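# my questions concern the predicted model and sequence given below.
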Amino acid sequence: MTSGRAVARALAERGHGVWAYELADGAFIAEQSTGLPPDLAAAKVVGGIPPAGSPGWAARLLLTAQAVRSRASVAFLALHGGVGENGIVQALLASAGMPYTGSGPGASAVAMDKALTKWIMEAIEVPTPPWQLLTLQGDAGMPAAESLPPVPDLPVVVKPATEGSSVGVTIVREPDHWVPAIHAALRAAQAAEGATRGPVRVLSEEFIPGRELTVSVLGDRTLPVVEIVPKAGFYDYRNKYTKGCTEYRAPADLGSDEARRLQEYSLRLFQALGCRGMARVDFRFTAGAEAHCLELNTIPGLTSLSLLPMAAAAEGIGFGALLEDICRRAGL
């Protein structure tokens, strides 16, 4: 919601007509919209959209897209994680013939799946930390410790295989933290997938000490590398979204060859996944100048704390101009 409000406000300030729509409850946000037609302001088109994953959610969202298609030029997606980033919303908008920003359903689904993305990294020779995929049964609460894989060489990072925003991520440094970390990732994965039954996939990845760097991709080019420096701990959900918890260096203090190597890896992965419009690729960078790619985000954050706008600003691209550029790259 924070990204969406920032996008709506910035585009309206540049003279564009904006209708801000909240996916969670199916309401158009009057205070964030300009020239909102009465039928949309009253939400008469669909009578309100239930939360994602509830019965009828997809059908009602499709009706909304069809209703606004003739009156809107593009849907700007400012959704993070879940159905907003895994290709479902993209597929619905494409079905309605509504142009939208960012990657299509296929690229979105693959990028959201960390295991699939890892296999593609390995195939195209983009270095990534050693990892393993754990497929666990989540039918009857949390699995008992004796049913889990043995503790690997530590430290490792445990995370859901299909979730974003650092939700459910734990750095495991002590053997006693292995089981709680898996349980935390399982809970986050179940919440993201809207299910509590059936197999759930969790990723265990070797922790790479070093600097945290990120590269934003805009169309067919990369922006300056940004370094992320949390004041405490790692770049978890709190440090990511709480002002003052993290410092950012844009551009990062890197040699030209090092920066170019990270940018080349990022663009290679972006193209291999079939992404479009924009993305952000995250890395760990060791003291020995070894790069390890972690993941690609198809809908980066778009707030005052977000990394894509920082990277654009480092190249002299203002926030409003960045959003207009993203809109021009929209498609089905």
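Looks like it arrived, so ask away. Here the structure is a predicted model, which is why all the values come from computation and not from measurement.

# what mean pLDDT does stretch 226-235 have?
Averaging pLDDT along stretch 226-235 gives 77.

# to clarify, my last question referred to stretch 127-143.
Stretch 127-143 comes out at a mean pLDDT of 80.

# pull the residues that contact that stretch.
115, 118, 121-122, 148-149, 152, 157, 161, 182-183, 186-187, 189-190, 196-208, 265, 284, 290-294 (Cβ atoms under 8 Å, 6 or more residues apart in numbering). The C-beta positions use only the backbone N, C-alpha and C, and glycine is treated the same way.

# pull the distance from it to the chain's centre.
20 Å (Cα atoms, centre = their mean, to the nearest Å).

# now, the contacts of stretch 127-143 that are in strands?
Secondary structure from DSSP state E places 157, 199-206, 284, 291-294 of these in strands.

# now the residue nearest in space to the middle of the chain: how far from residue 217?
Geometric centre of the chain, nearest residue: residue 297, 4.2 Å, by Cα atoms, centre = their mean. For residue 297, the distance to residue 217 equals 10 Å [Cβ to Cβ, to the nearest Å].

# returning to what we had before: number of residues surrounding the nearest residue to the residue nearest to the centre of the chain once chain neighbours are set aside?
Leaving out its chain neighbours, the residue that sits closest to residue 297 by Cβ to Cβ, 6 or more residues apart in numbering is residue 280, at 4.7 Å. As a burial measure, residue 280 scores 23 neighbours (other Cβ atoms under 10 Å).

# likewise for residue 25?
Under the criterion other Cβ under 10 Å, the count of neighbours that residue 25 has is 12.

# okay, it and residue 317: tell me how far apart.
Remark: distance between residue 25 and residue 317 (Cβ to Cβ) = 33 Å.

# quick one: the helices in the stretch 201-332 of the chain?
Along the stretch 201-332 of the chain, the stretches classed as helices by DSSP state H, counting those that start in this stretch are 237-241, 256-272, 307-314, 319-328.

# okay, these in JSON lines with distance to residue 133 next?
Output for the helices of the stretch 201-332 of the chain, formatted as JSON lines (distance: least, Cβ to Cβ, whole Å):
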{"stretch": "helix 237-241", "distance to residue 133": "23"}
{"stretch": "helix 256-272", "distance to residue 133": "19"}
{"stretch": "helix 307-314", "distance to residue 133": "27"}
{"stretch": "helix 319-328", "distance to residue 133": "32"}
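
# most packed of these?
Greatest average neighbour count among the helices of the stretch 201-332 of the chain goes to helix 307-314 (a mean of 22), per mean count of other Cβ atoms under 10 Å.

# who are the packing partners of that helix?
strand 211-218, strand 226-230, strand 278-285, helix 319-328 (3 or more Cβ pairs under 8 Å, 6 or more residues apart in numbering; DSSP states H and E).

# in stretch 116-124, what's buried?
Within stretch 116-124, the residues that count as buried by 16 or more other Cβ atoms under 10 Å are 117, 118, 120, 121.

# who touches it?
Counting by Cβ under 8 Å, 6+ apart, residues outside stretch 116-124 touching it are 110-111, 127-128, 131, 203, 268-269, 272-273, 293, 295-296.

# please spell out the PyMOL selection for the buried subset of those residues.
Selection of buried members from these for PyMOL, criterion 16+ other Cβ under 10 Å:
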select buried, resi 110+111+128+131+203+268+269+272+273+293+295+296
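
# low-confidence stretches in the stretch 201-332 of the chain?
The stretch 201-332 of the chain contains residues with pLDDT under 70 at 232-244.
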